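A.B. asks: I'll drop the sequence and a predicted model, then ask my questions.
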Amino acid sequence: MNDIIREIEAGEVKAEKPSFNVGDTVKVYAKVKEGNRERTQVFEGTVLKKQHAGVRETFTVRKSSNGIGVEKTWPLNAPSVEKVEVIRSGKARRAKLNYLRDRKGKSAKVKEVIK
């Protein structure tokens, strides 16, 4: 049974995976369907975590909108995610940056890695 599931999932994995890490500031271009029209909506924020691997890989992005923290989790291989663009590379010493949820202002920033 597991072999059948793996074969089906292998066909769903995107050919080009975006390379980003936890702590990076990214722009996620997502397709949004409104009625019979479809448009691209951009969500810009810091990557809090990446989970799993393969076709079930997900990532969570957090941004502050009008002083309120907003988080969204996307499957990396979903057809609704057009592309993920890295704006800044962040220095993270952990796999999950959940402590950023309690912070506001400058303390909610992640140090930038200059290459």
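C.D. replies: Perfect, thanks for sending it. Numbers count the residues shown, from 1 in each chain.

A.B. asks: following the helix or strand harbouring residue 45, which helix or strand comes up?
C.D. replies: In the assignment (DSSP states H and E), residue 45 maps to strand 37-51. Note on strand 37-51: by DSSP H and E, the next helix or strand toward the C-terminus is strand 58-65.

A.B. asks: list the buried ones in that following strand?
C.D. replies: Residues of strand 58-65 classed as buried: 59-62 (neighbour count, 16 or more other CB atoms under 10 Å). Placement of C-beta: from N, CA and C, glycine included.

A.B. asks: Identify, from these, the entry nearest to residue 15.
C.D. replies: Distance to residue 15 across these (CB to CB) is lowest for residue 59, with 18.0 Å.

A.B. asks: Who does the closest one form a beta bridge with?
C.D. replies: With DSSP bridges applied, residue 59 shows beta-bridge pairing to residue 50, residue 74.

A.B. asks: which residues does it contact?
C.D. replies: Residue 59 is in contact with 20, 47, 49-51, 73-74, 76, counting by CB atoms under 8 Å, 6 or more residues apart in numbering.

A.B. asks: Show me which of those are buried.
C.D. replies: Neighbour counting by 16+ other CB under 10 Å classes 20, 47, 49-50, 74, 76 among those as buried.

A.B. asks: before we move on, the earlier item: for the strand holding residue 45, give the mean pLDDT please.
C.D. replies: The average pLDDT for strand 37-51 rounds to 95.

A.B. asks: tell me what it is packed against?
C.D. replies: Judged by 3 or more CB pairs under 8 Å, 6 or more residues apart in numbering; DSSP states H and E, the packing partners of strand 37-51 are strand 25-34, strand 58-65, strand 68-75.

A.B. asks: next SSE after the last one?
C.D. replies: Going back to what we said before, that points to strand 68-75. strand 81-88.

A.B. asks: Next, count neighbours for the nearest residue to residue 83 once chain neighbours are set aside.
C.D. replies: In space, residue 83 comes closest to residue 29 once its chain neighbours are excluded; the distance is 4.9 Å by CB to CB, 6 or more residues apart in numbering. Residue 29 is flanked by 15 other residues according to other CB atoms under 10 Å.

A.B. asks: Residue 29 and residue 93, how far apart?
C.D. replies: Going from residue 29 to residue 93 by CB to CB, to the nearest Å gives 29 Å.
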